[in-house]
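Colleague: predicted model follows, preceded by the sequence.
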Amino acid sequence: MENNLLFSLAPWAVLLPVFGLLLNLVFGKRLGEKGIGLIASLATGLAFLVSVLLAIALSRHPEATVVPLADWITVGQLNLAWAFRVDTLSVTMMLAVTGVGTLIHVYATGYMHKDVRHQGDPGSYRRFFVYFNLFIVAMLLLVSANNYLMLFVGWEGVGLCSYLLIGFWFNKGAEGIGNARAAKKAFVVNRIGDFGLLIAIFLLFWNFGTLEFDGIFAAAAKAAPALVLVITLFMLLGVTGKSAQLPLYVWLPDAMAGPTPVSALIHAATMVTAGVYLIARSSPLYIQVPAAQMTVAWVGALTALFAATIAVGQYDIKKVLAYSTISQLGFMVAAVGMGAYVAGMFHLVTHAFFKALLFLAAGSVIMGMEHGEEQSAHGRAPGDAHSLDPQDMRNMGGLQGRMRTTFWVYLAGALALSGIAPLSGFFSKDEILAAAFRNMPVLFILLLAAAFLTAFYMGRQIFMVFFGKARSAAAEQAHESPPVITVPLIILAVLSVVGGALNLPGVHSLGHWLEGSLAHTPTVEFIAGVALLSLAVALAGLFLAWMVYGQRRMPFKDTDPLARSLGGLFTAVYNKWWVDELYQAVILRPYQQLSDLLARTVDMGWIDGTVNGLGSAARSFAGQLRRLENGYVRSYALTIFLGVVAIMAYLFFR
Amino acid sequence: MLITYLIFGVFGLVVAASALGMLLSRNAVYSALFLVLNFATVAVLYLILGAPFIALVQITVYAGSIMVLFLFVIMLLGAEKMPPGEPLRGHRWLAIVFGLVFLAELVLFLIYRGGMQAVVNAPSLEFGSPAAVGMMLFQKYTLPFEVTGFILVVATVGAILFTRGEGFKSRKRTLGITSGDKAE
Amino acid sequence: MIPIDYFVGLSVLMFVVGIAGVLLRRNALVVFMSLELILNAANLLFVAFAAYYELLAGQLFVFFVMTVAAAEVAVGLALIVEIFRAKKSIDVDQMSSMKG
Amino acid sequence: MDGTMILEWLIKSLILILTMTVGFAYVTLYERKLLARIQVRIGPNRAGPFGVLQPVADGIKLIFKEELTPTNADKLIFILAPVLTVIPALIIGAVVPWGTEVSIFGRVVKLYLADINIGVLYLMAVTSISVYGLALAGWSSNNKYATLGGLRAMAQMISYELALGFAMIVPVMMAGSMSLVDIVESQKSIWFAVVQPLAFVIYFIAALAEINRSPFDMPEAEQELTAGYHTEYSGMKFALFFMAEYIKMIAISMIGASLFLGGYRGPFIDLYPALGPLYLFIKVVVILFVIIWIRATLPRIRYDRLMQFGWKILFPLALLNVFITAVVLVWAGG
């Protein structure tokens, strides 16, 4: 009874942010910044509370529960409802989303206060939180849906919010439209993935006649493997779009154009993990077709290594983190591809902690840089105010003394990400590596290389940003951020450090917890050798980074020491392997040329010509026909009379 | 009976000649007069056919009212003669040719489909009397009769509205109803 | 006494002459008169067949035709008078535009 | 249908026409004498005793008058118009009975030309076509006064024909027949003029308008239109118009007498049927007296008043009268 009451709270997780965004939308102008931030954070916080209550309910009653809210679409045999699926998988996602989301909301109240002033548009403060709450709503819809269509609504909703928030400063960026272009790129690339998901959903409905998860999984067990393979591969296309995997990852680095809380929440912690969640949710389908699983695993592993190599050559503090995110998402996708769903979800949660932490801390660094730049800009010409890029790591250095809290939390996040025991990243990544070692040794080597690079580029970042001498006036003047920013950072840092406790080897609390929804997944046993190897690799990466960047102090604004030793390889990495250019040449240019051909020759030439020709033909024909309508009554009478004569003739000769 | 044939022949000739006269007269007044003659002779044919009531109504209504109205309008408008000229070239010939075709068709119909031996019986005296017509009119055809009356009223109102024209408009103008005045 | 075909033939003649009047004459009043002639041709047939079949309904129909013709003439002539006021002519070929 | 029957018809027709023409001549004298008396004059008294030969003298004079035809007149219709005017006037009396049957030389002779069962309809038909002569006369003269006179005559006659028709329907309804003989016979007990005074008055007024008599003589109002439709006529053609007018006076008197005043009926008519024509003659003379009296007394009515009077007073009154009569008849009869 009590449980049912708790379960029936599920819709409130979505409705509370809806109220928050409506309140801000309608009354936001009068509430002021404090009120807006309070309402937005409170809405998300209450949603987190609901998630916690649902988790408590589930801990007593681990079976999946469906909470219907209202009828949605009833067409023929299709009967879709707004129904929320409360099981351990969705609640895990809800907890991660709302928990991290709440912290980022709090952080954003402080960060956006500065940011909107820095960008010169304080009025957009409300807009930001409306979008933010809308994102939470869409994300919760995505993870709590009981059917694929509702999931798709959330899927598209988060895509929309991503677009809106990437282009939040739509009039900024290169040539004044750089950010808008980045937003458009994210949207278009996501559409390609969404197209795959849509096809998958259509196929599901076409073949199984339903979109409810349970119904589909029950029916799919008896379906032809080829069909399931097609469906899962199309679904994978959707995953590569949303979770930034090869080959559709290109939008995520550009998405860093959004404000830093956006990068943290959407493009690191929650939205991009939707693909991983989708595969985990659809695991009954994937388990049926090993070929699909292998494809997923390969895509994930390749992405992990590929993105990691690029991250090594980046100077933008957020770009490094962005490629790191892609890489870590590759880890997760590889995990779920190998059937290690618990490992994937585990890494998803810990990654949410430390990557959000890293982004937010990077935001704190950026804010400090901006603050320092404003300080140092006194006396300079106003035109030069923005000549310095506050996100370029080459402008930083030695910040550990001036921004102590940020430094320590950043260090915690970086070590967690690098996989240093006993921080959370170590456990989750180790579990993936163990699964790979057991199932697919080739992937194990790829992932191990990625883990090495991860440690290396994180070390590189730490040394470039926080150690050495300040390489710009702004860095010298940088200031620590206010508590509203640092407190969430500390909380996240704590979580990053102890997050591994969620699924300690041997205890497998998360594994047992997820058995309620992923009962068929095997528990990955801890392999000591693999753990030691991964730890050694991570330490080696850090050491190498110290060798290159920490030992000799990096000169002011100099070229990267790595570039000297690696040469052309570094140029390739710095230019992201020219993937964007490749896409431009292979896909975009022919596409544009084809469009041009279709537009000018086919559409304007043939189709317009046909239509215009028809029109002018009709007009000239009408012009001839018009002569019949000469307005002379006697002509009309004669015409009628001719008809009479004809009818009489017919009657006569009949 | 020879005399009946004679009467029919004479009046039939008059009917045909007067119809053609109406068609061919250059002067509209002559046309109208020929038509009056036509109607009057047709009325005589009605008498032969045993329809005295219809015959006299024909004279009263057609000759006495309708054609008087026509004549009145012709004289009122001074529209006896039209200026010469035929704007629709070819129309005249087309009309004449097809008119002849039509006539030929009807005549052929008459020859091939008509029964020449079918003879009109001598109608009894009471056949078309006002009493008989009236009885039928008010018993069997009450509704059409009423409808006809309604049509007449509507036509009367319509005709009055049409022709009061100027006075009606000027009264409207003094009341300031017309939109044209407001536009000024 | 008299074959019905004689009456039919006479009616046909009147009818064709009426149609010729409608098609050939430009004077709106003459056109109108030709219409009356056509109606009369029909009336003659009605009366002839009423006598032939000894059914009074034919004569009644003629009565109705006459009444409606009277109504038609009242409205039609009023129209022609109005048109004459506007166009200063009753040439039907002048009435070829919708403008008053 | 034997020979004597046709002969009898011919004789009766001749008598009717002669009566009408001679009557016309003496009605003119009657009118001139009467007008003179009313205007305190003597009137024509030179030709014959009391001027009884005056109509003959007038006739001879008109016959020898020069016939003028206007230059641009439509000659055919100009000649046809007077004839068209006279014919309806002469034939309208055909359905009016002069009396019942009398036996002359041992042969029973009906004192009426035709007893058709559509007599009243015949009257209306003839009345309605009698306007052609006037209208055509006015139009063919190619004279604007004459044309206006013709137009006025047409409008006036169409307007008053309705009231006239409704007034004539009343006796038909009372008698239940359209035959004038039946109508006269049904007035055996009481004249319709007594039970239907309104119908009689309407008939009288409308009939005056129909024949363009004063005060409704607008088509020939000399102050406005010189002489109206017969402005351009002279000699014998003018005489024909003149004749038509006075014959019509006699005709409407006869019809009025038959419809409303008992026609040929009078005291002892059943005993001596030959008295019929005498009674009718007396009644006609009295009605003619009233008509002339009105001419001498009343001024001419204005034209728009004439139309308004016809359409807005006379016509509705006649309609109402018919309606009430019908209701009463059905009530009493049913």
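Modeller: Looks like it came in fine.

Colleague: mind jotting down where the strands sit in chain A?
Modeller: A:65-75, A:78-86 (DSSP state E).

Colleague: cool, and chain D?
Modeller: Counting by DSSP E, the strands of chain D are D:101-104, D:107-110.

Colleague: out of the strands of chain A, nearest to chain C?
Modeller: strand A:65-75 (51.0 Å; CB to the nearest CB). Using the backbone N, CA and C atoms, a C-beta is placed for each residue, glycine as well.

Colleague: distance of whichever residue of chain B sits closest to chain D from C:Val65?
Modeller: Proximity of chain B to chain D (CB to the nearest CB) peaks at B:Gly64, 2.5 Å away. For B:Gly64, the distance to C:Val65 equals 16 Å [CB to CB, to the nearest Å].

Colleague: of the two, who's got more company?
Modeller: Set B:Gly64 next to C:Val65 and count neighbours by other CB atoms under 10 Å in any protein chain shown: B:Gly64 wins out with 27 against 17.

Colleague: low-confidence regions, the stretch 451-600 of chain A specifically.
Modeller: A:519-524, A:552-559 (pLDDT under 70).

Colleague: now the helices for it?
Modeller: A:473-477, A:483-498, A:509-514, A:528-545, A:561-566, A:568-574, A:579-583, A:589-596 (DSSP state H, counting those that start in this stretch).

Colleague: so can I have a markdown table of these showing mean neighbour count?
Modeller: A markdown table is the format used below for these (neighbours: other CB atoms under 10 Å in any protein chain shown):
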| stretch | mean neighbour count |
| --- | --- |
| helix A:473-477 | 20 |
| helix A:483-498 | 21 |
| helix A:509-514 | 19 |
| helix A:528-545 | 18 |
| helix A:561-566 | 15 |
| helix A:568-574 | 15 |
| helix A:579-583 | 14 |
| helix A:589-596 | 10 |
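
Colleague: which among those helices is found nearest to chain C?
Modeller: Of all the helices of the stretch 451-600 of chain A, helix A:589-596 sits nearest to chain C, with 49.2 Å by CB to the nearest CB.

Colleague: got the contact list for the residue in the stretch 201-334 of chain D positioned nearest to chain B?
Modeller: Closest to chain B within the stretch 201-334 of chain D is D:Trp311: 10.2 Å, counting by CB to the nearest CB. Residues in contact with D:Trp311 (CB atoms under 8 Å, 6 or more residues apart in numbering or on different chains) are D:Ser159.

Colleague: quick check: it vs chain A, distance?
Modeller: According to CB to the nearest CB, to the nearest Å, D:Trp311 and chain A sit 33 Å apart.

Colleague: how near is C:Arg25 to B:Trp93?
Modeller: Taking CB to CB, one finds C:Arg25 at 15 Å from B:Trp93.

Colleague: same check, this time on D:Leu225
Modeller: D:Leu225 is 47 Å from B:Trp93, by CB to CB.

Colleague: try D:Leu306
Modeller: D:Leu306 is 50 Å from B:Trp93, by CB to CB.

Colleague: hmm, back to that, what about C:Arg25 and B:Trp93, which has more around it?
Modeller: Using other CB under 10 Å as the criterion, C:Arg25 and B:Trp93 rank with C:Arg25 on top: 23 against 9.

Colleague: need the contact list for that one.
Modeller: Neighbours of C:Arg25 in contact, by CB under 8 Å, 6+ apart: B:Leu23, C:Val31, C:Ser34.

Colleague: ok, now A:Arg404?
Modeller: Neighbours of A:Arg404 in contact, by CB under 8 Å, 6+ apart: A:Glu480.

Colleague: per-residue pLDDT of it, please?
Modeller: Per-residue pLDDT puts A:Arg404 at 86.

Colleague: low-confidence stretches in chain C?
Modeller: Applying pLDDT under 70 to chain C flags the ranges C:1, C:96-100.

Colleague: do the same with chain A
Modeller: Ranges of chain A meeting pLDDT under 70: A:1-3, A:377-387, A:519-524, A:552-559.

Colleague: which one's the longest helix in it?
Modeller: helix A:10-60 (DSSP state H).

Colleague: quick one: contacts for the most centrally placed residue in chain C?
Modeller: Central residue of chain C (CA atoms, centre = their mean): C:Glu36, 2.1 Å from the mean position. Neighbouring residues of C:Glu36 by CB under 8 Å, 6+ apart: B:Leu35, B:Tyr62, B:Ile66, C:Gly18, C:Ala69, C:Val73.

Colleague: what do you get if the cut-off is 10 Å, keeping everything else the same?
Modeller: By CB atoms under 10 Å, 6 or more residues apart in numbering or on different chains, the contact list for C:Glu36 reads B:22, B:35, B:38-39, B:62, B:66-67, B:70, C:18, C:21, C:69, C:72-73, C:76.

Colleague: quick one: name the residues of chain B near chain A.
Modeller: B:87-88, B:91-92, B:94-95, B:97-99, B:101-102, B:104-106, B:108-109, B:112-113 (CB under 10 Å from any CB of the partner chain).

Colleague: pull out the buried residues from those residues.
Modeller: B:Leu88, B:His91, B:Ala95, B:Phe98, B:Gly99, B:Phe102, B:Glu105, B:Leu106 (16 or more other CB atoms under 10 Å in any protein chain shown).

Colleague: so where's the stretch 1-150 of chain D shaky on pLDDT?
Modeller: Those would be D:1-2, D:103, D:105-107, D:109, D:111, D:113-114, if you go by pLDDT under 70 across the stretch 1-150 of chain D.

Colleague: which residues of it lie near chain C?
Modeller: So the stretch 1-150 of chain D never meets chain C (CB under 10 Å from any CB).

Colleague: which parts of the stretch 1-150 of chain D are helices?
Modeller: Under DSSP H, counting those that start in this stretch, the stretch 1-150 of chain D gives helices at D:3-38, D:54-63, D:75-91, D:119-129, D:131-140, D:144-175.

Colleague: which elements pack onto the fourth one?
Modeller: With contacts taken as 3 or more CB pairs under 10 Å, 6 or more residues apart in numbering or on different chains; DSSP states H and E, helix D:119-129 sits against helix B:28-48, helix B:52-57, helix B:67-77, helix D:75-91, helix D:144-175, helix D:180-185, helix D:197-210, helix D:235-260.

Colleague: quick check: mean pLDDT of the second one?
Modeller: By that I understand helix B:52-57. 86.

Colleague: got the contact list for the closest residue in space to A:Trp578 that isn't next to it in sequence?
Modeller: In space, and not counting its chain neighbours, A:Trp578 is closest to A:Ala572: 7.2 Å by CB to CB, 6 or more residues apart in numbering or on different chains. For A:Ala572, the contact set (CB under 10 Å, 6+ apart) comprises A:Thr309, A:Ile310, A:Gly313, A:Leu566, A:Trp578.

Colleague: hmm, the third one is touching A:Leu566, no?
Modeller: Yes: under the criterion of CB atoms under 10 Å, A:Gly313 makes contact with A:Leu566 at 8.8 Å.

Colleague: which neighbours do those two have in common?
Modeller: Shared contacts of A:Gly313 and A:Leu566, counting by CB under 10 Å, 6+ apart, come down to A:Asp560, A:Ala572, A:Val573, A:Tyr574.

Colleague: residue contacts, the third one?
Modeller: Looking back up the chat, that one is A:Val573. Contacts of A:Val573 (CB under 10 Å, 6+ apart): A:Ala308, A:Thr309, A:Ile310, A:Ala311, A:Val312, A:Gly313, A:Gln314, A:Tyr323, A:Leu562, A:Ala563, A:Leu566.

Colleague: again, only this time at 7 Å
Modeller: When contacts are counted by CB atoms under 7 Å, 6 or more residues apart in numbering or on different chains, A:Val573 touches A:Thr309, A:Ile310, A:Val312, A:Gly313.

Colleague: count of residues packed around the closest residue to it other than its chain neighbours?
Modeller: In this structure, A:Val573 finds its nearest non-sequential neighbour in A:Gly313, 3.4 Å apart by CB to CB, 6+ apart. When neighbours are defined as other CB under 10 Å, A:Gly313 has 24 of them.
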